[in-house]
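Engineer: Let me see the structure of the following:
(one chain, ligands or ions: 1)
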Amino acid sequence: MGIIYHQETKEFHLFNKEISYVMQVLRNGQMGQLYFGKRVPEMRSYGYLIERSRRPMISEIYENEYGYSLENLRQEYPSYGTTDYRMPAVEIAQENGSRITDFTYVSHRIYAGKPKLSGLPATYVESEEEADTLEILLRDALTGVELTLIYTVFAGENAVARSARFRNCGSREVQIETAMSMSLDLPDADYDWIQFSGAWARERYVKERKLQQGIQSVGSLRGASGHMHNPFVVLKRPTADEFQGEVLGFSLVYSGNFLAQAEVDTYNVTRMMLGIHPQEFSWCLEPGAEFQTPEAVMVYSDQGLNGMSQAFHRLYRTRLARGEWRDRNRPVLINNWEATYFDFDEEKLLEIARTAKADGVELFVLDDGWFSTRCGETSGLGDWWENRERLPEGIRGLSAKIEALGMRFGLWVELEMVNKDSELYRKHPDWILATPGRSQSHGRKQYVLDFSRKEVVDAVYEMIAKILAESSVSYIKWDMNRNITECYSAVLEAKRQGEVFHRYILGVYDLYERLIRAFPHILFESCASGGGRFDAGMLYYAPQAWTSDDSDAVERLKIQYGTSFSYPLSSMGAHVSVTPNHQLGRVTPLKFRGDVAAFGAFGYEMDLGKLSEAEHEVIRAQVAFVKRYRELIHKGTFYRLLSPFEGNFTAWMVVSEDRRQALVAVYKVLNDVNCEYRRLKLHGLAEETVYRIREDGCDKGARSGSELMRIGMVTTDDSAGERRAETAYGDFYSRIFVLEAEA
Ligand code: DGJ
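Structural biologist: As a prediction, the model looks like this:
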């Protein structure tokens with residue numbers, strides 16, 4: 001890995017064993033993009049990739065020279081208005097009303113390691129050998145604004161992390177209107193665009209279409225990354241698939257409003273951009289002040305979509321997630337939400353915990369409804385003290401009782417919100433985000449606290465830290481159940497109102513950071529009505545997220561499959577719930593539900609006390625299975641094999657780092673009659689190794705890695721007896737095979 005600067009050609013070459021990223025200072029001083037992809041020799045010049053024909057209808061920079069137009073040049077961080085007519089990465093409004101800037105090269109700095117981004121989540125390194133960083137300083141001479149483009153190349157991953165930092169070194173205030181985290185001009189448009197979109201309870205469905213001339217984008221203006229679109233998109237060659245071919249992944253390490261956009265121009269150049277959504281954003285930069293954008297991570301893979309996902313998984317699991325829980329096995333938990341909703345008292349909770357403990361569950365999570373007057377949706381949010389009628393000895397007493405059972409205790413919070421029927425709101429009605437003179441829209445009868453204000457974050461911190469300090473809380477589920485409307489902060493000047501969305505999310509990050517520092521032993525799970533803020537930004541604070549409020553196993557196949565394109569299995573909260581399922585009314589076998597949830601951070605969302613003895617046996621087996629294989633599931637290499645978006649079957653597998661152990665899961669949604677024989681080609685195994693295959697403890701034979709990868713594993717059963725057993729399962733049929741290398 002390294003970063004080389006060629007003085008004569010003014011070219012920068014960032015590389016590791018697998019990838020190259022090449023840029024050049026253009027003749028007009030701006031930064032040009034030459035190449036991003038598989039490693040190419042680094043001692044050569046790639047300046048010839050700047051082709052300049054005199055195309056019709058272009059506007060030209062130099063009076064005495066034809067053909068020099070930014071419209072025809074591939075750039076690193078383009079602005080609008082000086083011959084480039086495409087969407088810009090930066091736009092700065094100046095005192096005289098102009099928005100034109102011209103950022104030209106001043107100097108650069110190359111150093112080992114990776115910088116922290118103040119107040120923002122970002123990937124990190126644990127030693128300087130893990131990455132090199134390049135900072136390119138550019139200046140807009142007229143305004144005096146400086147722009148630093150920051151690039152980090154990792155030694156061990158096909159990833160480049162990027163962000164931009166602005167500093168006003170001029171004497172006049174300016175307004176940053178657009179400041180993307182990255183922009184990348186690719187030389188052609190022969191890509192399929194994949195986005196991960198949906199809605200509440202059907203988050204991150206895989207949506208794919210051919211990239212076309214014009215603009216295609218996804219984004220959020222909700223104040224959170226949202227259920228609807230994810231701040232992660234893929235450009236894939238049409239011939240690439242899960243296992244081979246060129247793929248580029250773009251992920252934003254941010255949880256607020258975002259834009260992910262590809263603009264294909266008339267010459268099929270693709271401009272890919274990712275960052276804070278320019279709509280509803282502006283930032284007033286006074287002389288001397290700085291603004292840092294969030295980080296974007298770009299992954300290049302020539303091993304198809306799985307290769308790209310595996311790079312994101314490794315990077316995000318080990319160099320984005322932090323803290324004591326990053327590498328620890330996640331406890332098998334039980335959450336009382338779907339078991340009781342708001343209807344509980346201490347005895348009911350203890351009973352749920354006791355039954356779960358008997359089946360091997362390790363952590364009890366108390367969900368919504370434990371505090372103040374909160375016995376339904378309309379009151380209590382904002383008042384973070386216990387409801388003593390429900391919990392006579394408070395959280396302290398309940399957590400002690402849960403621990404006495406031999407379990408850990410977890411607690412639900414929704415710290416960013418307030419009900420109007422609460423002491424906090426009555427005391428501080430101006431603490432919510434609301435525009436003077438306008439109506440105040442609510443969501444679920446709740447309002448969003450103005451986390452752009454430090455005193456608001458301070459007050460919430462004090463309340464919750466008190467409870468955590470005096471109780472034994474090992475886990476926090478941090479929920480967030482509505483999006484922002486009438487966004488306006490009572491304390492900011494008019495010219496700063498465009499900062500509120502970003503300042504809000506900085507406040508959320510600040511509160512997370514303070515709680516993580518004060519209570520490092522707590523495992524945080526982020527949640528936003530399920531998967532409404534499942535993004536790389538959150539993973540920096542909470543190593544796992546509640547993937548979706550939809551716990552139906554068939555739906556979860558799609559949701560978990562889509563989520564896995566960029567987020568590791570260890571980050572996906574996945575629970576078994578009752579049937580008929582509360583979101584869909586669907587009835588599926590307990591085994592099927594468990595086999596789906598096992599490939600995530602596993603738990604239950606039900607009262608196990610209502611189950612039969614036969615069902616308890618299944619639960620005990622599931623818990624034992626997860627405990628035995630969770631290390632492999634969370635830290636192994638994950639391969640998607642068959643997509644739930646393409647047919648009746650889903651299959652995926654996880655292989656241990658040393659390739660001596662693997663799990664293969666196959667799911668069939670609807671039963672089929674008189675079916676074909678099925679073989680499933682496996683991946684990632686060691687060719688020569690012979691693996692013993694077991695299913696539910698039954699020996700299914702031994703096969704070599706090469707057989708399993710080339711011929712495939714038989715997943716239809718060939719004996720009549722077993723075939724009958726398969727038929728007996730009916731719909732929603734699943735199998736998990738354990739592969740273990742023979743000595
Ligand atoms: C939404 C979450 O996604 C649910 O799991 C549950 O915690 C409820 N909120 C509680 O209000």
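Engineer: Give me the buried positions along stretch 493-509.
Structural biologist: Along stretch 493-509, these residues count as buried under the neighbour rule (16 or more other Cβ atoms under 10 Å): 496-509. (Glycine included, C-beta is placed from N, CA and C.)
Engineer: which of those residues sit farthest apart?
Structural biologist: Spatial extent of the buried residues of stretch 493-509 (Cβ to Cβ) is set by the pair Gln497 and Tyr509 at 20.3 Å.
Engineer: want to throw the buried residues of stretch 493-509 into a markdown table with distance to Pro88 and secondary structure?
Structural biologist: Listed next are those as a markdown table, based on distance: Cβ to Cβ, whole Å; DSSP: H, G, I helix; E, B strand; the rest coil:
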| residue | distance to Pro88 | secondary structure |
| --- | --- | --- |
| Arg496 | 22 | helix |
| Gln497 | 22 | helix |
| Gly498 | 17 | helix |
| Glu499 | 20 | helix |
| Val500 | 23 | helix |
| Phe501 | 20 | helix |
| His502 | 19 | helix |
| Arg503 | 23 | helix |
| Tyr504 | 25 | helix |
| Ile505 | 23 | helix |
| Leu506 | 24 | helix |
| Gly507 | 28 | helix |
| Val508 | 28 | helix |
| Tyr509 | 27 | helix |
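Engineer: So which of those is the closest to the ligand?
Structural biologist: Val508 (16.6 Å; Cβ to the nearest ligand atom).
Engineer: pretty sure the closest one is touching Ser255, no?
Structural biologist: Yes. In terms of Cβ atoms under 8 Å, Val508 counts as a neighbour of Ser255; the distance is 7.0 Å.
Engineer: contacting residues around Thr133?
Structural biologist: Thr133 makes contacts with Ile3, Ile110, Tyr111, Ala112, Gly113, Lys114, Pro115, Ile150, Tyr151, Thr152, Val153, as judged by Cβ atoms under 8 Å, 6 or more residues apart in numbering.
Engineer: what separates the last one from the ligand, distance-wise?
Structural biologist: Using Cβ to the nearest ligand atom, to the nearest Å, we find Val153 at a distance of 38 Å from the ligand.
Engineer: Spit out the contact partners of that residue.
Structural biologist: Val153 sits next to 1-3, 14-16, 19, 21, 131-134, 159-160 when contact means Cβ under 8 Å, 6+ apart.
Engineer: Buried subset of these as a PyMOL selection?
Structural biologist: Burial among the contacts of Val153 is assessed by 16+ other Cβ under 10 Å; the matching PyMOL selection reads:
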select buried, resi 1+3+14+15+16+19+21+131+132+133+134+159+160
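Engineer: can you pull the contacts of the nearest residue to Leu120 once chain neighbours are set aside?
Structural biologist: Leaving out its chain neighbours, the residue that sits closest to Leu120 by Cβ to Cβ, 6 or more residues apart in numbering is Pro294, at 5.5 Å. Counting by Cβ under 8 Å, 6+ apart, Pro294 touches Leu117, Leu120, Pro121, Ala122, Ser163, Ser181, Leu252, Val253, Tyr254, Gly275, Ile276, Gly537.
Engineer: In JSON lines: these, plus distance to Gly636, pLDDT and secondary structure.
Structural biologist: Shown next, in JSON lines, are these (distance: Cβ to Cβ, whole Å; pLDDT from 0 to 100; DSSP: H, G, I helix; E, B strand; the rest coil):
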{"residue": "Leu117", "distance to Gly636": "30", "pLDDT": "98", "secondary structure": "coil"}
{"residue": "Leu120", "distance to Gly636": "30", "pLDDT": "98", "secondary structure": "coil"}
{"residue": "Pro121", "distance to Gly636": "25", "pLDDT": "98", "secondary structure": "coil"}
{"residue": "Ala122", "distance to Gly636": "26", "pLDDT": "98", "secondary structure": "coil"}
{"residue": "Ser163", "distance to Gly636": "31", "pLDDT": "98", "secondary structure": "strand"}
{"residue": "Ser181", "distance to Gly636": "30", "pLDDT": "99", "secondary structure": "strand"}
{"residue": "Leu252", "distance to Gly636": "26", "pLDDT": "99", "secondary structure": "strand"}
{"residue": "Val253", "distance to Gly636": "24", "pLDDT": "99", "secondary structure": "strand"}
{"residue": "Tyr254", "distance to Gly636": "28", "pLDDT": "99", "secondary structure": "coil"}
{"residue": "Gly275", "distance to Gly636": "33", "pLDDT": "98", "secondary structure": "strand"}
{"residue": "Ile276", "distance to Gly636": "35", "pLDDT": "99", "secondary structure": "strand"}
{"residue": "Gly537", "distance to Gly636": "25", "pLDDT": "98", "secondary structure": "helix"}
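Engineer: As TSV, these with distance to Ala434 and neighbour count would be great.
Structural biologist: Shown next, in TSV, are the contacts of Pro294 (distance: Cβ to Cβ, whole Å; neighbours: other Cβ atoms under 10 Å):
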residue	distance to Ala434	neighbour count
Leu117	30	19
Leu120	26	19
Pro121	28	24
Ala122	32	24
Ser163	32	25
Ser181	30	27
Leu252	28	28
Val253	30	25
Tyr254	24	28
Gly275	27	30
Ile276	22	25
Gly537	25	28
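Engineer: Give the bridge partners for Tyr475, please.
Structural biologist: Beta-bridge partners of Tyr475, counted by DSSP bridges, are Gly410, Leu523.
Engineer: give me the number of residues near it?
Structural biologist: Neighbourhood size, Tyr475 [other Cβ atoms under 10 Å]: 24.
Engineer: Please report how far it lies from the ligand.
Structural biologist: From Tyr475 across to the ligand, the span is 13 Å (Cβ to the nearest ligand atom).
Engineer: Any idea which residue is closest to the centre of the protein?
Structural biologist: In the chain, the residue lying closest to the centroid (Cα atoms, centre = their mean) is Asp535, at 2.7 Å.
Engineer: Return the nearest residue of the stretch 1-150 of the chain with respect to the ligand.
Structural biologist: For the stretch 1-150 of the chain, Cβ to the nearest ligand atom, closest residue to the ligand: Pro121, 21.4 Å.
Engineer: Was I right to think that residue contacts Gly537?
Structural biologist: Yes. Between Pro121 and Gly537 there is a contact at 4.6 Å, judged by Cβ under 8 Å.
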